[in-house]
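1. Please find the sequence and the predicted model below.
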Protein chains: 2
Amino acid sequence: MGPRKAAARPTIAQIAERAGVSAGAVSYALNGRPGVSDETRARILAVAKEVGWVPSTAARALRGGGTATVGLVITREPQMLGIEPFFMSFVAGIESVISEQGYALLLQVTPDPHRELNTYREWWSARRVDGVFITDLSLDDARLDLLDELGLPAVVVGDPDHARGHTAVGSNDAGAAESAVTHLARLGHARIGHVTGPASFVHTRVRVDAMRAVASRLGVEVVPEVYSDYTLDSGAAAAVQLLDLAEPPTALVFHNDLMAVGAVRAARERGLSVPQDLSILAWDDSPLCVLSEPRLSALSRDIQSYGAEAAKALLDTIRAGGETTGSYLPSNAQLLERDSLAAPRRLPVG
Amino acid sequence: MGPRKAAARPTIAQIAERAGVSAGAVSYALNGRPGVSDETRARILAVAKEVGWVPSTAARALRGGGTATVGLVITREPQMLGIEPFFMSFVAGIESVISEQGYALLLQVTPDPHRELNTYREWWSARRVDGVFITDLSLDDARLDLLDELGLPAVVVGDPDHARGHTAVGSNDAGAAESAVTHLARLGHARIGHVTGPASFVHTRVRVDAMRAVASRLGVEVVPEVYSDYTLDSGAAAAVQLLDLAEPPTALVFHNDLMAVGAVRAARERGLSVPQDLSILAWDDSPLCVLSEPRLSALSRDIQSYGAEAAKALLDTIRAGGETTGSYLPSNAQLLERDSLAAPRRLPVG
DNA sequence: CTGTTAGCGCGTTCAC
DNA sequence: GTGAACGCGCTAACAG
């Protein structure tokens, strides 16, 4: 019932007519290039502002001038996003940078990894995006091959060493591991449990290696890692598994906060209290950590600025015509102390 | 260093050449319309599949055929999105529907409400989207006027009665209020506190009215509402404010789960335990409710399918050329009992 | 220098 | 089945 009559979108032709010049002149004026006198330019600009002209992204994209759009595929179960601490902050960070520059974010959420590849191909074929973010980098990641094949500008969100020449924005996982183990060792923990994300992810591998290296240097033991999947339940299950060990660890490190929360619950159900009986440390701080009881200590990195850095890197890469613009600074990680870490109750056997 | 040579995107012209026909014929064949013989059509389709042709969204949009993109502006502080339970699920629901149909979501996150209007105008001018979602509907919402002016197809996510003729997908807030008050009254609560979102939102108003109506019918009292802003701290503050009343309520209803969690903490700091001393009910279930201690009972609606319904409605509206396609069924709400509701400890003073 | 004209990019559609 | 024009912005070539 409401009025749904499309109004006329302002075009360069309209402006040209009103200003009494040709469309070409308008284009020169609007893009600040020579070819029109200052006064004509001023007149054209005034008219353009008056009619609220905005360039047609479609027309520009058609000309090959880019779409002012960047793409992100999130390969996760949709329902997981409601609580997933990482992506929403990451997206917010991306947004803060790109929207300033007139870019928009094209988002796709799908649980199917195979589909992700198709999406890049389609986005590229349909000229929907000027570049994409690659997250959850895996060893021998097939997406990098596709990117090379298509010549689609991209920024790898992860370890530059595994980005195969693509622009990358890393995260200082080694530094985080260092501070985690150091802190735990100082508290007196001699046996640490480590619950990770999927083994195929590069950053899982990086963290595992770093933890082991630091631990052996400091003379503390990391019991065999439990590879997990970031969900609450998997965190709880991993905790149970580790606590069932003959010589259970006295401190547990998790690759996200959701799993850490799951572990707190699992410990509680066993009659163990955190942190007196068991110390728990989350990797990646989020509001969840302060919402949890007790409040979770975490290896905090500023995910929002991580997203912002990634966005800057992608925009730079796009402007460079897809040429790699080098690796960007890793976002800093620091151990945020709250209430889930303490000295182990009984001294480690040893 | 990496190879960044753009490959050639397949176009209709290429297909035409390979198949030895004109571009027009290819277009007819590809779109399943008459004008080509069956065998030519088959040949064209084979070539198209072989080269992996995907229509250029830019070219289609330029012709006026739509951009296969829908837009959503989230007017919130970016950092809030990391924990905000509503939007990420809502987005996931939208995604599940639109990606099936080849549509993509254009997202913009900004804390500035004024900017939201500009964004719609720019998206429309630049032909970036075929339609938009309008959330957080307010009384006399200026966005609806703009939509009318632009003729931009939209779906209002909220009360159809305030959608001014636009397609709307509602939420059964009245039903939720009904079950909330009924349940609380049955437990013996005679005085209920109500902590809402901003007063300017239509759905805040709707919920307030519904709560009052049901309460007066059932003979229970709703103490004056506290208008709040969905944050954890504001929930805690509101709880304190209500508990400081001369005759404090014995049960509190919150318009989201974050505020409810804040209230639990505030109550605990006062030495009150939930639910023995104070019952707490959240509106909008999310994983946070089961993560909280005690687990929060909630007026649950399936936000993901809410998003999915909204997406279907928007796509329908777009296909109808922007004509309103009527109001859609409200998503169902039900009271999900967990551990934060109990009978009041001391009987209410008569 | 100031401005105009023509044609491109890509898919669609109308007239032939 | 084909040729041509269209939508919109950009730019190379050209004219005053």
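-> The structure has been received and is ready for your questions.
2. Minimum distance to DNA strand C, which residue of the stretch 101-250 of chain A gives it?
-> A:Arg127 (7.3 Å; CB to the nearest atom of the strand). Where C-beta positions appear, they are placed from N, C-alpha and C, glycine not excepted.
3. what about the helices in chain A?
-> A:12-19, A:23-30, A:38-51, A:57-62, A:78-81, A:85-98, A:113-125, A:142-150, A:173-187, A:202-218, A:232-243, A:257-269, A:287-291, A:303-319 (DSSP state H).
4. Now tell me what touches stretch A:112-123 from outside.
-> Identification of contacts with stretch A:112-123 by CB atoms under 8 Å, 6 or more residues apart in numbering or on different chains yields A:71, A:73, A:75, A:106, A:108, A:110, A:128-129, A:132, A:142-143, A:146-147, A:150, A:152, B:52, B:54.
5. Check the residues you listed one by one and keep those near DNA strand D.
-> Applying CB under 7 Å from any atom of the strand to these, one finds that nothing falls near DNA strand D.
6. Narrow those to those that are buried.
-> Of the members of the contacts of stretch A:112-123, the ones counted as buried by neighbours, 16 or more other CB atoms under 10 Å in any protein chain shown, are A:71, A:73, A:75, A:106, A:108, A:110, A:128-129, A:132, A:143, A:146-147, A:150, A:152, B:54.
7. Return the set of residues that bridge with the closest residue in space to A:Ala199 that isn't next to it in sequence.
-> The spatial neighbour of A:Ala199 that comes closest, neighbours along the chain excluded (CB to CB, 6 or more residues apart in numbering or on different chains), is A:Tyr227 at 4.6 Å. Each beta-bridge partner of A:Tyr227 is listed here, defined by DSSP bridges: A:Thr196.
8. I am assuming A:Tyr227 contacts A:Arg205, so please confirm or correct that.
-> No - taking contact to mean CB atoms under 8 Å, the distance of 10.4 Å between A:Tyr227 and A:Arg205 leaves them out of contact.
9. got any residues that touch both of the two?
-> Joint contacts of A:Tyr227 and A:Arg205 (CB under 8 Å, 6+ apart) are A:Ala199.
10. pLDDT check: weakest of the buried ones among the contacts of stretch A:112-123?
-> Per-residue confidence across the buried ones among the contacts of stretch A:112-123 is lowest for A:Thr110, with 84 (pLDDT).
11. if I pick that residue, what's in contact with it?
-> For A:Thr110, the contact set (CB under 8 Å, 6+ apart) comprises A:Val73, A:Ile74, A:Thr75, A:Glu116, A:Thr119, B:Glu95, B:Ser99.
12. and the last one, how many neighbours does it have?
-> Just to be clear, that refers to B:Ser99. Neighbourhood size, B:Ser99 [other CB atoms under 10 Å in any protein chain shown]: 18.
13. what's it in contact with, if anything?
-> If a contact means CB under 8 Å, 6+ apart, then B:Ser99 has A:Gln108, A:Val109, A:Thr110 as its contacts.
14. How is chain A divided into domains?
-> The record, using automatic domain parsing to delimit domains, assigns chain A the ranges A:12-53, A:69-171+A:302-332, A:173-300.
15. next one: the longest one to chain centre, how far?
-> It stands for domain A:69-171+A:302-332. Shown here is domain A:69-171+A:302-332, whose average C-alpha point lies 8 Å from the average C-alpha point of the whole chain (CA atoms, centre = their mean, to the nearest Å).
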